[in-house]
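Engineer: Could you look at this predicted model? Sequence included:
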Amino acid sequence: MALIIIFSLALMHYTKFGRAGASPMESVLKDFLAPAQGLAMNLGHRLRGLVSLPFDLFNAADENQLMKKQIIELEGRMRQYEELRAENERLKKLLDFKTGVAPVKGYELVAAAVIGRDPGNWFGTITINKGSGEGMIPNMTVINEQGLVGRIVSVTRNTAEVLLITDSRSGVAALVQENRVPGMVEGVASSPGQVRMVHIPIGSDVSRGQAVVTSGFGSLYPKGIPIGWTLESDKEPSGLFNRAVIVPYVDFNRLEEVMVITGVRTPRSVTGESGIPHPWGEGKADVRGRSPGAVRAGEAGGVVGR
Amino acid sequence: MRLYLLLFLLLAALFLQVTLLNLLSVFGVKPDLVLITVVFNAFLRGPREGALLGFLGGLFVDLATGSYVGMNSLSMMSVGYLVGLTESKLYKDSSLMVVFLVWLSSFAAQFSNYILLWLMEVYIAPGVALLNVIIPTATYTALLVPLSYRRFYRSNHEGWLCSKL
């Protein structure tokens, strides 16, 4: 017994912390056990995972619920951001128009949002959120950055009703920009994608893809506002005139913001016309939302302010 | 209570028509929810209520349109009355029957509007009116019946709409 105690104490002293290496016996034992130790530890981890699995699953279910909620919340936020981004883009276009094209044309503009449409299918009218309180009066021209939208037909204190050019009651004095052929653009019931140009003199050369702009006759609409492009033409049933199908530049199904022309001043400069940004500047005529240089020299000056 | 609820339904239908339904328009046409409400009620309650609700619904639409006030009042009142006459004659449990009835009612109301517009000197080519407005509107409106009739029918029998006017 005393020998064992003495041996143990001696062994403790020999193997105290700070020695350089392991004894041969220790080395053999450690090296021999190392693979088995690895296996045992691995198995232990797995067993622990197996034992704790139900508890982990319980937590995972909670986490799953939480993450689902977060995903829904984040998706909602994404949609909001997307909506804001789209709105921002639309407003930027309006602003570009207001600061770029409008001064060149001499337009004084008030921006308005579309807040309603006609409840039926016979007429094409929209309601905007600006009324007599903001200076709106009947017959003011309504446009957006793509072209002519219509004109105000009635106002209340806070709203105004706009007759779209696609309404069958609407008539706009117009001309084909390229060859100055006159006509009258009128709406077709329940066809937001098309209007008609009627009373085109027989023998006039109207071919596909020509731009049509307001002529300014009658002083209802300022001169030179892009309306649309010609799709096809044929003879009117009376045989006295030609008529043409016009595709409007404005996308009437997606009208959300518009601008009301509250007055027309003398244009800034005629030479400034060449610097008009897209889409009122240079461009191909037969594409919705893109209109060619809508105004020729001096056209915008043809209408007096209201 | 029932009257207020029906008025609320008409106003809600009108609100949808001037706002959200424009996003769901097909070929430039949107369904007539006000007419659906009028026809359902007339079909289940008879000509008297049909004519009254038709008049009120039409008046709301006219006021929202802002012009030709009276046009929709007249057409929907007539349609409400005529549909109401079928109350005791047709089997009410069949959605298919109501789909047909709504299509016919919408066609009649739109056609009557066309005639009234013509009298007001708004001339629209008959072909355009028929193919661009009257038939598409009637069809789109009738297609919405299966989504809503059973609910209205149940409410009329044992729900909020089952009391007297």
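Structural biologist: Yep, that arrived.
Engineer: as a whole number, average confidence for stretch B:97-110?
Structural biologist: Across stretch B:97-110, pLDDT averages out at 95.
Engineer: Is chain A within reach of stretch B:136-156?
Structural biologist: Yes. Counting by CB under 8 Å from any CB of the partner chain, contacts between stretch B:136-156 and chain A involve B:Pro136, B:Thr137. C-beta coordinates here come from the backbone N, C-alpha and C atoms, glycine included.
Engineer: The residue in the stretch 201-306 of chain A positioned nearest to chain B in helix, strand or coil?
Structural biologist: Using CB to the nearest CB, the single residue of the stretch 201-306 of chain A nearest to chain B is A:Asn253, 7.2 Å away. At A:Asn253 the chain is in helix, as set by DSSP: H, G, I helix; E, B strand; the rest coil.
Engineer: Could you measure from it over to A:Ala211?
Structural biologist: Per CB to CB, to the nearest Å, A:Asn253 is found 21 Å from A:Ala211.
Engineer: Counting neighbours, what do you get for the residue of the stretch 201-306 of chain A closest to chain B?
Structural biologist: Neighbourhood size, A:Asn253 [other CB atoms under 10 Å in any protein chain shown]: 11.
Engineer: which element is the nearest residue to B:Ala42 once chain neighbours are set aside on?
Structural biologist: Nearest residue to B:Ala42 in three dimensions, chain neighbours excluded: B:Gly50, at 2.7 Å (CB to CB, 6 or more residues apart in numbering or on different chains). B:Gly50 is part of helix B:47-65 when elements are defined by DSSP states H and E.
Engineer: in that helix, what counts as buried?
Structural biologist: B:47, B:49-62, B:64-65 (16 or more other CB atoms under 10 Å in any protein chain shown).
Engineer: and the helix or strand following that helix, is it in reach of chain A?
Structural biologist: Remark: after helix B:47-65, the chain's next helix or strand is helix B:71-85, criterion DSSP H and E. Yes. For helix B:71-85 and chain A, the contact criterion (CB under 8 Å from any CB) is met by B:Asn72.
Engineer: so what secondary structure elements neighbour helix B:71-85?
Structural biologist: Secondary-structure packing of helix B:71-85 (3 or more CB pairs under 8 Å, 6 or more residues apart in numbering or on different chains; DSSP states H and E): helix B:33-45, helix B:47-65, helix B:95-119.
Engineer: Quick check: the gap between A:Glu75 and chain B.
Structural biologist: Using CB to the nearest CB, to the nearest Å, A:Glu75 is found at 20 Å from chain B.
Engineer: same question, A:Gly116
Structural biologist: Separation of A:Gly116 from chain B (CB to the nearest CB) stands at 4 Å.
Engineer: what helix or strand does that residue sit in?
Structural biologist: Here A:Gly116 sits within strand A:107-117, counting by DSSP H and E.
Engineer: okay, the residue nearest in space to the middle of chain B: pLDDT?
Structural biologist: Geometric centre of chain B, nearest residue: B:Leu35, 0.9 Å, by CA atoms, centre = their mean. For B:Leu35, the pLDDT comes out at 96.
Engineer: how far away is it from chain A?
Structural biologist: According to CB to the nearest CB, B:Leu35 and chain A sit 10 Å apart.
Engineer: Quickly note the distance from that residue to A:Ser154.
Structural biologist: From B:Leu35 across to A:Ser154, the span is 25 Å (CB to CB).
Engineer: what pLDDT, on average, does stretch B:52-60 get?
Structural biologist: Across stretch B:52-60, pLDDT averages out at 95.
Engineer: After the lowest-mean-pLDDT helix or strand in chain A, which helix or strand is next? Please name it.
Structural biologist: Scoring the helices and strands of chain A by mean pLDDT, DSSP states H and E places helix A:2-14 at the bottom, with a mean of 73. As assigned by DSSP H and E, the chain's next helix or strand after helix A:2-14 is helix A:24-96.
Engineer: and the next helix or strand after that next one, how far out from the chain's middle?
Structural biologist: Later in the chain than helix A:24-96, the nearest helix or strand by DSSP H and E is helix A:102-105. The chain centroid and the centroid of helix A:102-105 are separated by 24 Å, computed with CA atoms, centre = their mean, to the nearest Å.
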